[in-house]
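Student: predicted model follows, preceded by the sequence.
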Amino acid sequence: MSSFYVENFGCRATQADGAAIEQQFRDRGFDRASRPGTAKFVVLNTCAVTASAEQDARAAIRRIRRENPACEVIVTGCYAQRAANEVAALPGVSVVIGNSHKHNLAQIALGAQSEKDNFNPCSFVPIATLSTTDSRITDRGSADPSIEDGSHSYESSFPSIFVSDIFAHTELLAAPVFDSANERTRPNLKVQDGCSNRCSFCIIPSVRGRSRSLNLNEVLREVNQLVAAGYREVVISGINLGRWGRDLTGGIAKTGLGCPQEIVWGGRPRPPMLEDLVKAILDHTPLEKLRISSVEPMDWTDSFIRLMACSPRIAKHAHVPMQSGSDSVLRRMHRKYRPWHYREKIEKIRAAMPAAAIGADVMVGFPGETPAEFDETRRLIEDLPLTYLHVFTFSARPGTPAATMPNQVPVKIARDRNRILRELAAEKKEAFMRSFVGQNLDAITLSTVSEDSDGPWTEALTDNYLKLRLSGRHAPNQWLRARINSVEDGSLRGSVSSAPSDPDARYSAAPASDIYVAAPELLNAATTPTAKRRKIAAQGASPG
């Protein structure tokens with residue numbers, strides 16, 4: 001059985017890592033199995049952001065060992081990086097490979113070096129930096145007797161562990177991710193990894209390392225290859241996407257494609273920023289639609305908002321993590337903004353893009369969160385023109401400051417707060433969707449075609465991130481103009497009104513320049529009347 005299977009847990013970044021791991025196996029002549037039960041190597045690419053995510057990984061290990069006891073179970077990802085010994089002690093695990101060694105996972109798993117590997121054992125950081133004395137830990141830079149000529153022989157009595165200091169690594173796995181249900185549309189490209197922030201609740205920096213960026217050349221190459229393969233929308237993502245470029249050298253953008261060789265700001269060179277990356281993609285690729293995933297509030301500059309609003313080639317969709325609407329909670333979280341900063345950013349985005357989807361991440365049950373502090377969050381969400389929420393209940397992560405904070409919120413109270421915000425989010429999303437009934441929206445068709453009492457329909461996604469059931473059967477990966485007829489079961493229902501022929505005239509709202517000029521006073525949140533803000537929030541979108 002020369003086959004492999006990769007099962008991913010968690011965020012888009014983990015999925016992107018999984019896609020790169022799959023490519024490592026393919027480069028070595030392995031085929032992807034259709035399910036873990038038929039694979040020789042099963043890779044579990046784990047998440048550690050919550051306790052339940054780690055529990056899911058442990059359950060998957062047990063399931064796979066029942067279904068396929070002869071396979072090699074390789075555990076990698078954030079859980080493997082955080083608790084390597086704990087993972088290695090689980091029955092059925094063959095090898096544990098942390099994020100620090102993930103870029104060589106297939107080579108380590110196969111225990112053989114091909115001519116393509118060009119493996120350099122000196123590129124690994126000595127595992128002695130780890131606070132462990134477990135004799136099962138090995139490292140390819142060590143003098144372990146089982147390692148000869150770059151190969152590794154497994155010992156049958158226990159799994160081997162390949163983990164080292166993640167902060168010493170600069171590698172970034174990059175491979176486009178394709179949704180298993182829609183493999184012919186909307187690939188997701190990870191262009192940034194790691195995080196240099198120190199939010200008190202977050203385990204991510206300690207398992208993914210400091211922020212690091214995919215070189216601009218590589219990003220443009222990947223996007224151009226995806227366009228050449230026929231893809232018409234690409235999503236760029238990262239662990240902290242807004243920090244893209246800050247780690248790249250001294251303001252130099254070596255593209256060889258006519259981009260400025262030096263980025264200057266205030267008379268001095270500066271590192272490239274996300275805005276520069278977006279401009280380069282627009283200028284040096286023929287991509288029809290670029291969608292930008294989650295960007296922290298601090299990185300939504302006025303010029304970045306203006307760029308998004310004015311380009312019809314950028315999807316009108318902004319995801320801006322909030323976490324809490326309480327100033328005191330944000331301070332305990334060690335977040336770098338205050339509620340009034342967040343309000344200002346959201347109102348500027350809405351003023352510039354009246355029809356855009358605006359989403360947020362919100363956490364409930366953070367240690368010490370009082371009823372009054374939760375109510376501050378609820379009221380801010382109620383007042384802002386958000387169109388959807390991702391609501392999370394706090395999960396204590398070992399090693400984070402929040403895990404040992406006093407006044408941990410009881411689970412029942414935290415779950416009740418989660419429910420309240422999800423219900424509020426559902427109301428706002430419903431109002432936002434209904435505001436488009438009778439209007440035209442641009443949408444990209446996905447792979448799912450189904451049928452109901454009204455006949456066949458094709459799943460699609462609008463430019464502003466709304467699910468759409470489009471009447472009729474349509475090939476995937478097509479941009480179509482749709483007339484919105486109704487809202488049913490949390491989805492828009494519509495029919496094709498036309499197929500846009502001009503990619504620069506696709507966005508169905510007013511032209512970007514008109515949107516930006518229509519209400520310039522709204523770009524300064526301080527000048528936005530309270531009554532108007534509340535009207536915007538009630539409608540779920542700016543009256544624009």
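Tutor: Arrived safely, thanks for sending. Numbering: from 1, shown residues only.
Student: quick one: Lys102 is in a helix?
Tutor: Yes. Counting by DSSP: H, G, I helix; E, B strand; the rest coil, Lys102 is part of a helix.
Student: which residue packs closest to it, ignoring adjacent ones?
Tutor: Thr76 (5.4 Å; CB to CB, 6 or more residues apart in numbering). Every residue, glycine included, has its C-beta placed from N, CA and C.
Student: where's the one you found, which helix or strand?
Tutor: Taking DSSP states H and E as the criterion, Thr76 maps to strand 72-77.
Student: for that strand, packing partners?
Tutor: Applying 3 or more CB pairs under 8 Å, 6 or more residues apart in numbering; DSSP states H and E, one finds that strand 72-77 makes contact with helix 12-27, strand 41-46, helix 51-67, strand 93-98, helix 105-110.
Student: low-scoring stretches of the stretch 251-400 of the chain, by residue?
Tutor: For the stretch 251-400 of the chain, applying pLDDT under 70 flags the ranges 251-268.
Student: which residue ranges form the helices in it?
Tutor: Ranges of helices in the stretch 251-400 of the chain, per DSSP state H, counting those that start in this stretch, are 274-284, 302-310, 327-333, 339-352, 371-383.
Student: helix, strand or coil for the closest residue to Phe30 other than its chain neighbours?
Tutor: Among residues not flanking Phe30 along the chain, Phe4 sits closest, at 5.0 Å (CB to CB, 6+ apart). Secondary structure, three-state DSSP: Phe4 is strand.
Student: so what's Phe4 up against?
Tutor: Glu22, Phe25, Phe30, Asp31, Arg32, Ala33, Ala39, Lys40, Phe41, Val42, Val43 (CB atoms under 8 Å, 6 or more residues apart in numbering).
Student: just list whatever residues bridge to it.
Tutor: Beta-bridge pairing of Phe4 under DSSP bridges involves Arg32, Phe41.
Student: report the angle between the longest helix along the chain and helix 371-383.
Tutor: For the chain, the helix that runs over the most residues, judged by DSSP state H, is helix 411-434. Taking axes from the mean of the first three to the mean of the last three CA atoms, to 10 degrees, helix 411-434 and helix 371-383 form an angle of 10 degrees between their directions.
Student: any idea how far helix 411-434 is from the chain center?
Tutor: Chain-centre distance of helix 411-434: 22 Å, with CA atoms, centre = their mean, to the nearest Å.
Student: what's it packed up against?
Tutor: Counting by 3+ CB pairs under 8 Å, 6+ apart, helix 411-434 packs on strand 357-364, helix 371-383, strand 388-393, strand 479-488.
Student: could you give the angle of it to strand 388-393?
Tutor: 170 degrees.
Student: buried residues of helix 411-434, list them for me.
Tutor: Neighbour-count burial for helix 411-434 flags Ala414, Arg417, Asn418, Ile420, Leu421, Leu424, Ala425, Lys428, Lys429, Ala431, Phe432, Met433 (criterion: 16 or more other CB atoms under 10 Å).
Student: same check on stretch 446-462?
Tutor: Leu446, Ser447, Val449, Trp457, Thr458, Glu459, Ala460, Leu461, Thr462.
Student: what about the fourth one, which SS state?
Tutor: Read that as Trp457. strand.
Student: would you agree it is in contact with Thr445?
Tutor: No. Counting by CB atoms under 8 Å, Thr445 is not a contact partner of Trp457; they are 10.6 Å apart.
Student: now the common contact residues for those two.
Tutor: With CB under 8 Å, 6+ apart, Trp457 and Thr445 have common neighbours Leu470.
Student: so which of the helices and strands packed on helix 411-434 gets nearest Gln81?
Tutor: Smallest distance to Gln81 across those (CB to CB): 20.9 Å, for strand 388-393.
Student: can you pull the buried residues of the closest one?
Tutor: Buried, per 16+ other CB under 10 Å, within strand 388-393: Tyr388, Leu389, Val391, Phe392, Thr393.
Student: ok, so of the residues you listed, who is nearest Ser160?
Tutor: Phe392 (34.2 Å).
Student: what number of residues are in the vicinity of the nearest residue to the closest one once chain neighbours are set aside?
Tutor: Residue nearest to Phe392 in three dimensions, not counting chain neighbours: Met363, with 5.0 Å by CB to CB, 6+ apart. Using other CB atoms under 10 Å, Met363 has 26 neighbouring residues.
Student: tell me the contacts of Met363?
Tutor: Per CB under 8 Å, 6+ apart, neighbours of Met363: Phe201, Gln323, Ser324, Met333, Val391, Phe392, Thr393, Phe394.
Student: need the residues you listed in TSV with distance to Pro371, can you?
Tutor: Converted to TSV, the contacts of Met363 look like this (distance: CB to CB, whole Å):
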residue	distance to Pro371
Phe201	20
Gln323	18
Ser324	14
Met333	18
Val391	17
Phe392	19
Thr393	16
Phe394	15
